[in-house]
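**Student:** coordinates for the following, if possible.
(one chain, ligands or ions: 1)
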Amino acid sequence: MPNPAALELVALSKRYGATTAVDAIDLRIAAGTYCCLLGPSGCGKSSTLRMIAGHEAASEGDIILGNQNVTDLPPARRGTAMMFQSYALFPHLTVIDNVAFALKMRGVDKATRRRRASELLDLVAMTPYAGRLPTQLSGGQQQRVALARALITEPQILLLDEPLSALDPFLRIKMRAELKRLQRELGITFIHVTHGQEEAMALADLVVLMNGGRIEQMGSPREVFNRPRTAFVARFIGGHNVIDTSSGAIAVRADKLALRPAESGPGIAGTVTDVEYQGTFVQVVVKSEAGEELIAHLGEAAFDARPVAVGDGVTATWDGAEAHVLE
Ligand SMILES: Nc1ncnc2c1ncn2[C@@H]1O[C@H](COP(=O)(O)OP(=O)(O)OP(=O)(O)O)[C@@H](O)[C@H]1O
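**Tutor:** Reported below is the predicted structural model:
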């Protein structure tokens, strides 16, 4: 693999007629990073990815890969490769011919093509399936072939558009671990579009959370989870309560909320509306007098020490140090 290069987006925008899908975003991704573009449907993740790939022209701004401005280069000359959600394998070609396809297009001789394709099949543990057709493979196997096919051009950056969304939950978690392993082994940059916050947290070195065509917050999963900048981030990333106080909105993690008996001092008074046992914790939903829902994740021992039931009056409290002021 060639030396991986850093990627920089400079005031990058995409407009479709009157719709601004991506609104002047600035982003720098260090070489060898696993980056997840995360956000709700329509926030501009795929448009950003397609502009990096060159499948979509930028309306404004620049895409710099290493020290080359690739904004106006065709996809094949950028040093990027894309893996699609549908895998897009050629149904009439065997697994090995699917993987070798890009090299054939580039006029590479047959022996070299076969050797490189075999190496990549080995990398994704698909060597025993080299002679099969795509229809004779499971979803997870098709995905491995699609990965091998994208990697054969030795990209500096692999772009993945919702790569796990077609898989069942069990396979999704298994393939998620494989993607991470592959990225670590290859040492190249992966940019992975997802709307799943759990997926992004599990995979990313860098989470880029988008909202309405802009970057709402970026950082390591722990930074974003522990220091959400806005109410949108706290809600989207989950596991937080967004609470309006007299001095503005704050976020408090569900596992940092404690429940005391009713009228036991400062806090938010409310009524328990739901109790769910979740194995490692008990989720208690409290409806405040103002009608807001608060979620508390109590450790099993803490719950057993002071159990609550639906209909109980409680006061939700938190340590001041656990309250994150939101913009
Ligand atoms: N080809 C297009 N023509 C017109 N509008 C488009 C086109 N592609 C995307 N859009 C619009 O641009 C905005 C961003 O779309 P984009 O596909 O980038 O979002 P996304 O975050 O990837 O969403 P999803 O998770 O649903 O794929 C949306 O409002 C979408 O409707």
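
**Student:** what helices or strands is whatever helix or strand Arg114 lives in leaning on?
**Tutor:** If you go by DSSP states H and E, Arg114 is part of helix 110-123. Applying 3 or more Cβ pairs under 8 Å, 6 or more residues apart in numbering; DSSP states H and E, one finds that helix 110-123 contacts helix 95-105, helix 139-151. From N, CA and C alone the C-beta is placed, and that goes for glycine too.

**Student:** can we see that at 10 Å?
**Tutor:** In terms of contacts (3 or more Cβ pairs under 10 Å, 6 or more residues apart in numbering; DSSP states H and E), helix 110-123 is packed against helix 95-105, helix 139-151, helix 169-186.

**Student:** reformat these as TSV; add mean neighbour count.
**Tutor:** Below are the helices and strands packed on helix 110-123 laid out as TSV (neighbours: other Cβ atoms under 10 Å):
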stretch	mean neighbour count
helix 95-105	21
helix 139-151	22
helix 169-186	15
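
**Student:** what's the closest of those helices to the ligand?
**Tutor:** Closest to the ligand of those, according to Cβ to the nearest ligand atom: helix 169-186, at 16.3 Å.

**Student:** elements contacting the very next helix or strand once past the closest one?
**Tutor:** Using DSSP H and E, the helix or strand that follows helix 169-186 in sequence is strand 189-194. Under the contact criterion of 3+ Cβ pairs under 10 Å, 6+ apart, strand 189-194 touches strand 19-29, strand 34-38, helix 45-53, strand 80-83, strand 157-161, helix 169-186, helix 197-203, strand 206-211.

**Student:** nearest spatial neighbour of the residue nearest in space to the middle of the chain, skipping sequence neighbours?
**Tutor:** With distances taken as Cα atoms, centre = their mean, Ala200 lies nearest the centre of the chain, 3.1 Å away. Leaving aside its sequence neighbours, Ala200 sits nearest to Cys36 (Cβ to Cβ, 6 or more residues apart in numbering; 3.8 Å).

**Student:** give me the beta-bridge partners of the closest residue to Asn69 other than its chain neighbours?
**Tutor:** Nearest residue to Asn69, sequence neighbours excluded (Cβ to Cβ, 6+ apart): Asp62, at 5.7 Å. Asp62 has these beta-bridge partners by DSSP bridges: Val10.

**Student:** neighbours of Asp62, how many?
**Tutor:** Asp62 is flanked by 14 other residues according to other Cβ atoms under 10 Å.

**Student:** I'd like the distance between it and the ligand.
**Tutor:** 19 Å (Cβ to the nearest ligand atom, to the nearest Å).

**Student:** which residues touch that residue?
**Tutor:** Glu8, Leu9, Val10, Ala11, Leu12, Asn69, Val70, Thr71, Asp72 (Cβ atoms under 10 Å, 6 or more residues apart in numbering).

**Student:** touching the helix holding Arg114 from outside, list them.
**Tutor:** So helix 110-123 is contacted by 95-104, 106-109, 126-130, 144-145, 147-154, 182, 185-186 (Cβ under 10 Å, 6+ apart).
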